[in-house]
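Student: model this:
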Amino acid sequence: MTFQNPFGQPLLTFPELDKSPLSIRAKALVFIDPRSQQLREDLERLAPLPLPVLIRGETGSGKELLARQIHRTSDRSGLFVSVNCAAISATYADAELFGYSAGSQGGTASSRAGWFGSANGGTLYLDEIADLPLTIQGKLLAALENREVTRVGAQKPQPVDVRLVAATSIDLARVVKAGRFNERLYQYLREGALELPPLRERPGDILALAEYFVGIYSVRLQRPVPLVSEAAQQLLEAHPWTGNTRELENVIHFALLVNDGEEILPQDLDLPSAAR
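Tutor: Okay, here's the model as predicted:
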């Protein structure tokens, strides 16, 4: 899909929209800044290797985007399975991750493969892995090293072929020192490490991402693609983007909702320094 460029530069071509609930920002790798281009090179080097990957970056910076790109450019033929570790209950973590056999969970008549089973042959993405219950971290490491899982209620382990990509917004080394994260698991994850800089440290990406979001949301809202005024561009480039790519996406979405004209102006941007 090709969009009219709202900045008057050569057109960029983006992948077709799909109907997945995934945020728009995780559907295209828009890397223009030199730091981003170096990160892309590191990613392409790691992707085909049989290594786990640990992605560290601030909230909203696009860690899942990198994880999906690793999966797409690897030789993994299975599914990409995304799990938010903060949403995993300590009580049911075993069953959610490794699955359960029929009759083991309150007399259920069916079994469940769990996240590992669903990602067999593919990639298991664990977002905010530091939030995974400590009691489960050792079992996770054993499953990865032994390449097998034992479902809750089962007598025998089942082989699995899963590549792990984990993400965190905090310094895991400090969490290890505090006794809240398994040190061996941490060392295992560090075999392949990627640092995703915050958007404010990748200024060359700001207008490129804004262009992408303007085009995508214009299509979704079934409206012509507006131009972004020079003053609005300057405001976008000057903003600190503490909320990273997610904040930029929300700002552009808001601007397209409040302005249906041919040009986005500073006052259309929901930013503290915007002219009112």
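Student: would you list every one of the helices in the protein?
Tutor: 34-46, 63-72, 93-98, 114-118, 134-146, 172-177, 183-189, 206-220, 230-238, 244-258 (DSSP state H).
Student: could I get those helices as CSV with mean pLDDT?
Tutor: Formatted as CSV, those follow (pLDDT from 0 to 100):
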stretch, mean pLDDT
helix 34-46, 94
helix 63-72, 95
helix 93-98, 87
helix 114-118, 90
helix 134-146, 92
helix 172-177, 96
helix 183-189, 96
helix 206-220, 95
helix 230-238, 96
helix 244-258, 96
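Student: Compare those and give me the one nearest Leu199.
Tutor: Closest to Leu199 of those is helix 244-258 (C-beta to C-beta; 4.6 Å). For the C-beta atoms, the positions are set from N, CA and C on the backbone; glycine is no exception.
Student: which strands and helices sit next to the closest one?
Tutor: helix 206-220, helix 230-238 (3 or more C-beta pairs under 8 Å, 6 or more residues apart in numbering; DSSP states H and E).
Student: Alpha carbons of stretch 227-247, in CSV - could you do that?
Tutor: What follows is stretch 227-247, C-alpha atoms only, in CSV (Å, rounded to 0.1, in the frame of the first residue of the first chain):
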residue,chain,number,x,y,z
LEU,A,227,-0.3,17.4,4.9
VAL,A,228,1.6,18.0,8.1
SER,A,229,2.4,21.7,8.3
GLU,A,230,6.1,22.7,8.8
ALA,A,231,5.2,24.2,12.2
ALA,A,232,3.6,20.9,13.2
GLN,A,233,6.7,19.0,12.0
GLN,A,234,8.9,21.2,14.1
LEU,A,235,6.7,20.6,17.2
LEU,A,236,6.9,16.8,16.6
GLU,A,237,10.7,16.9,16.4
ALA,A,238,11.0,19.1,19.5
HIS,A,239,8.8,17.0,21.7
PRO,A,240,10.6,14.7,24.2
TRP,A,241,8.4,11.7,23.6
THR,A,242,8.6,10.2,27.0
GLY,A,243,5.9,7.8,25.9
ASN,A,244,7.9,6.8,22.9
THR,A,245,6.3,5.4,19.7
ARG,A,246,3.1,4.6,21.5
GLU,A,247,2.7,8.3,22.4
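Student: quick one on the thing from earlier: pick the most deeply packed of the helices and strands packed on helix 244-258.
Tutor: Ranked by average neighbour count under the criterion mean count of other C-beta atoms under 10 Å, those are headed by helix 206-220 at a mean of 20.
Student: can you redo the helices of the chain as TSV with distance to Val83?
Tutor: Output for those, formatted as TSV (distance: least, C-beta to C-beta, whole Å):
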stretch	distance to Val83
helix 34-46	20
helix 63-72	11
helix 93-98	8
helix 114-118	5
helix 134-146	11
helix 172-177	17
helix 183-189	15
helix 206-220	26
helix 230-238	33
helix 244-258	19
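Student: Using the record's assignment, carve this protein into domains.
Tutor: What the record gives for the chain is the domain set 34-199, 202-268, from automatic domain parsing.
Student: quick one: the last one to chain centroid distance?
Tutor: Looking back up the chat, that one is domain 202-268. How far domain 202-268 lies from its chain's middle: 21 Å, per C-alpha atoms, centre = their mean, to the nearest Å.
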